[in-house]
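S.K.: sharing a sequence plus its predicted fold:
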Amino acid sequence: MASPTLSITARGEREIVMTREFAAPRDRVFAAWTRPELVERWFGRLEGWTTKAEIDLRVGGRFRFTMRDGAGTKIVFRGEYREIKRPERLVTAEGYEGFNEAGWRPEDATVTTTVFNEVNGRTTWTATQRYPSQEVRDAVLRDPNMRGGMEQGFAAFDAVLRELK
Amino acid sequence: MPEPQDALSQTFGALADPTRRAILARLARGEASVSALAQPFEISLPAVSRHLKVLEQAGLIARGREGKWRPCRLEAARIREVAVWAGAYRRFWERSLDKLDNVLDDMRRESDRG
């Protein structure tokens, strides 16, 4: 069976909204989202990558997902919980550590509101991500129809990456 | 004092300029001095230096410390991080959430057994 479609759309100047359906009740989806041993089995698990998840699921508590590939690339995605309404809603302030060596600054964070909505035993996940600037939001989407003109820039950037192979 | 710019905007801002991308493309082939980098462009050495400073502050290049020569080189690890982060967004979430389907299936089977 084909995977349910992941919808990714821009909203306003700084937001991205993602939705997808899961064939499971939301208490289970919420658990998979917030229990480290479960998160480690799916988040960032692209081919060749592993994830270590640390989660302190309390308001003001931190989470930290460390992803590594076999070639030594390490990416740390981390943030803090701002709202927790089990099993239907999470608000997190989050970001990628490599981009902020000096430490956590709230103004660098992407604020993500995650909603799990259950109908007939199936769960629709909606994540609304609010980025620190339109520039970053558009860069994330890299959609040629988006404003911001980042597409051309990244075509050249891709050429640099090919040189690095 | 200028407003602190968030680090991601700084990185993407550095990449938004065609001269700076050309400098990165040149450095992808190996390290180079400031004057060697300036040569293909019809701009002054100070102008190239300003571009290099922007790239260095964005963490995309590093400068050597050897006297006048001070070669520039790419920070390949950072560039790969940027690429993974920005380039693979849809793929990242699609693959992750497909894996999550499997986790949910396993949870259902466990709960059926229990």
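M.R.: Received it, and whenever you're ready, just let me know what you need.
S.K.: can you give the domain ranges for chain B?
M.R.: B:1-74, B:76-114 (automatic domain parsing).
S.K.: what does chain A give?
M.R.: If you go by automatic domain parsing, chain A breaks into A:7-132, A:134-165.
S.K.: I'd like the ones you listed laid out as JSON lines, including mean pLDDT.
M.R.: Output for those, formatted as JSON lines (pLDDT from 0 to 100):
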{"stretch": "domain A:7-132", "mean pLDDT": "88"}
{"stretch": "domain A:134-165", "mean pLDDT": "51"}
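S.K.: out of these, flag the one nearest B:G13.
M.R.: In terms of CB to CB, the element of the domains of chain A nearest to B:G13 is domain A:134-165, at 6.8 Å. To be clear about C-beta, it is placed using only N, CA and C from the backbone, and glycine gets the same treatment.
S.K.: one step back: any chance of the domains of chain A in JSON lines with mean neighbour count and distance to B:L52 as columns?
M.R.: Listed next are the domains of chain A as JSON lines, based on neighbours: other CB atoms under 10 Å in any protein chain shown; distance: least, CB to CB, whole Å:
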{"stretch": "domain A:7-132", "mean neighbour count": "17", "distance to B:L52": "19"}
{"stretch": "domain A:134-165", "mean neighbour count": "16", "distance to B:L52": "16"}
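S.K.: now distance to chain B too, for those, in JSON lines please.
M.R.: Converted to JSON lines, those look like this (distance: least, CB to the nearest CB, whole Å):
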{"stretch": "domain A:7-132", "distance to chain B": "4"}
{"stretch": "domain A:134-165", "distance to chain B": "4"}
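S.K.: find the residue closest to the residue most central in space within chain B in space, skipping its chain neighbours.
M.R.: Central residue of chain B (CA atoms, centre = their mean): B:I79, 3.1 Å from the mean position. Closest residue to B:I79 in three dimensions, ignoring its sequence neighbours and counting by CB to CB, 6 or more residues apart in numbering or on different chains: B:L60, at 6.2 Å.
S.K.: element containing B:E110, please.
M.R.: B:E110 is located in helix B:89-113, with elements delineated by DSSP states H and E.
S.K.: model confidence for B:G114, exactly?
M.R.: We have a pLDDT of 76 for B:G114.
S.K.: what's the answer for B:M1, then?
M.R.: So, for B:M1, pLDDT stands at 33.
S.K.: OK, contacts around the residue nearest to B:I79?
M.R.: B:T11, B:A14, B:L15, B:L24, B:L74, B:E75, B:R78, B:I79, B:V82 (CB atoms under 8 Å, 6 or more residues apart in numbering or on different chains).
S.K.: for chain A, which segments count as helices?
M.R.: Listed in chain order, the helices of chain A (DSSP state H) span A:26-34, A:36-39, A:134-141, A:150-164.
S.K.: also chain B?
M.R.: For chain B, the helices defined by DSSP H cover B:7-15, B:18-27, B:34-38, B:45-57, B:76-87, B:89-113.
S.K.: noted, bye for now.
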